[in-house]
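Asks: Got a sequence here, can you build the structure:
(one chain, ligands or ions: 1)
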Amino acid sequence: MSKKIAICVGHSRFGDTGAVNTDGVSEWAFNKPLAERTAELLRDAKHDVKVWSEYSGSGYSSAMSWIAEQIREYNADVAVELHFNSAGPTANGYEFLHWHRAGRSARLASCFHFSFKKFFPERKSRGLKAISSGDRGSAFLQRTHCPAAILEPYFGSNVEETAFYSARREELARAYADAIISWLSAEKPLNQSNPNHRNKSLTCFPKSARSPKRNKAS
Ligand SMILES: [Zn+2]
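Replies: Residues are numbered from 1 along each chain as shown. Sure, this is the predicted structure:
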């Protein structure tokens, strides 16, 4: 059955482009075409997808309230916001953020983790990050009415990671679409399970994805 998927480009508020990677590309500029390609792949899988790459609001908090309201009006079943990390030049790895009290969002984040392990087995996993009020990304994760995750595939401050993922945008889009489709399929009641996605609900819970640690990367 067709589901409604909200794909949000992080830092879509006027004047906020986010971090800039070592190629000089901002988070917003990197993620906008990636969001659109991910949407195409999900539409090919017969889902209804909306991409947001411009947010209203004069500051971070009002923009987060605005996008949460848009996602609610759209009646999305699931929402993600695309980013990349930035810290020191050697920081590396992918991580996925979810609201700490939301089990379905934690499972969504774990589906991204599982998909990245499959698509990018050579890259480092930093695990899932359970986000509480006041942590980075907390407003998006807390205010969305549906399961939600923030995607941090790599560190734009790392020359090698920037080059690796810049050359693999299509694989990134496929990893994102695969994760969302896996999660949606695992969300189905057991008596309607899709034989093409048998046991996906189990594979979306890799033990190694569970990490209690938080980090300060932005
Ligand atoms: Zn960001």
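Asks: Torsion angles phi and psi at the closest residue to the ion within the chain?
Replies: Closest approach between the chain and the ion, counting by C-beta to the ion: His83, at 3.4 Å. To be clear about C-beta, it is placed using only N, CA and C from the backbone, and glycine gets the same treatment. Dihedral angles of His83 (phi, psi; degrees, to the nearest 10) stand at phi -140, psi -180.
Asks: ok, now which ones touch it?
Replies: By C-beta atoms under 8 Å, 6 or more residues apart in numbering, the contact set of His83 is 10-11, 18, 27, 31, 137, 150-152.
Asks: what residues are up against the residue nearest to it when sequence neighbours are not counted?
Replies: If the residues on either side of it in the chain are set aside, His83 comes closest to Gly10, at 4.1 Å by C-beta to C-beta, 6 or more residues apart in numbering. For Gly10, the residues meeting the contact criterion (C-beta under 8 Å, 6+ apart) are 18, 27-28, 31, 81-83, 150.
Asks: could I get these as a markdown table with secondary structure and pLDDT?
Replies: Converted to a markdown table, the contacts of Gly10 look like this (DSSP: H, G, I helix; E, B strand; the rest coil; pLDDT from 0 to 100):
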| residue | secondary structure | pLDDT |
| --- | --- | --- |
| Gly18 | coil | 93 |
| Glu27 | helix | 97 |
| Trp28 | helix | 97 |
| Asn31 | helix | 98 |
| Glu81 | strand | 98 |
| Leu82 | strand | 98 |
| His83 | coil | 98 |
| Ile150 | strand | 98 |
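Asks: Identify the residues contacting the nearest residue to Gln70 once chain neighbours are set aside.
Replies: Spatially, and ignoring its direct neighbours in sequence, Gln70 is nearest to Trp52 (6.4 Å; C-beta to C-beta, 6+ apart). Taking C-beta under 8 Å, 6+ apart, we find Trp52 in contact with 6-9, 12, 67, 70.
Asks: mind listing which of the residues you listed are in helices?
Replies: For these, the ones inside helices are 67, 70, with DSSP state H as the criterion.
Asks: would a markdown table of the contacts of Trp52 with pLDDT, distance to Gly88 and neighbour count be doable?
Replies: Written out in a markdown table, the entries for the contacts of Trp52 read as follows (pLDDT from 0 to 100; distance: C-beta to C-beta, whole Å; neighbours: other C-beta atoms under 10 Å):
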| residue | pLDDT | distance to Gly88 | neighbour count |
| --- | --- | --- | --- |
| Ala6 | 98 | 32 | 25 |
| Ile7 | 98 | 29 | 26 |
| Cys8 | 98 | 27 | 26 |
| Val9 | 98 | 25 | 24 |
| Ser12 | 96 | 26 | 25 |
| Ile67 | 98 | 30 | 25 |
| Gln70 | 98 | 35 | 18 |
